[in-house]
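# Quick check, what structure comes out for this input:
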Amino acid sequence: MYELTVRSHFDAAHFLKNYQGKCAHIHGHTWQVEVKIRGNNLDETGMLVDFSLVKKNLRAIAGQLDHSLLNDLAFFKDINPTAENISKIIFYKMEESLKEYPVSVNSVTVWESPGAAATFIKDEEEGGE
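Purely as a prediction, here's the structure:
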């Protein structure tokens, strides 16, 4: 089993509904994102999947969030834009973007600050939902 890790970032604001505290007010972060991809078989060049492809896909997904008020995006219509929910959304978008390759997304970690991160790992028994 091989595992690749790629990272990206985006800048966005958010606020938390039904929350008592500072995060109930609009504030921003430079969100850091780490995606881990797994697979068993290397291609003819000795790669699991080209890093540049995974980075391009992650940048495209992060670009949908970049310089936005996350609460205004359709992704967060019914949920708070927490690090937990952002990691889950990015996980499934990355999974979709790599579906034609013999790899799987293992995890997505999203940091809202250097000391605070949330990771989404799909639970295979429950289908990740």
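# sec struct for the residue nearest the centre of the chain, please.
The C-alpha lying nearest the average C-alpha coordinate of the chain belongs to Ile90 (CA atoms, centre = their mean; 3.2 Å). The local conformation at Ile90, judged by DSSP: H, G, I helix; E, B strand; the rest coil, is helix.
# Assess the claim that it and Gln32 are in contact.
No - applying CB atoms under 8 Å as the test, Ile90 and Gln32 come out as separate, 11.6 Å apart. Placement of C-beta: from N, CA and C, glycine included.
# joint contacts of those two?
Val110 (CB atoms under 8 Å, 6 or more residues apart in numbering).
# circling back: disregarding flanking residues, what is the spatial nearest neighbour of the residue nearest to the centre of the chain?
Leaving aside its chain neighbours, Ile90 sits nearest to Val108 (4.8 Å; criterion: CB to CB, 6 or more residues apart in numbering).
# Over to Ala83?
Nearest to Ala83 is Ala118, by CB to CB, 6+ apart, at 3.8 Å.
# Beta-bridge partners for the one you found, please?
Beta bridges link Ala118 to Val110, judged by DSSP bridges.
# if we can go back for a sec, can you report phi and psi for the residue nearest to Ile90?
Phi and psi for Val108, reported as degrees, to the nearest 10, are phi -130, psi 130.
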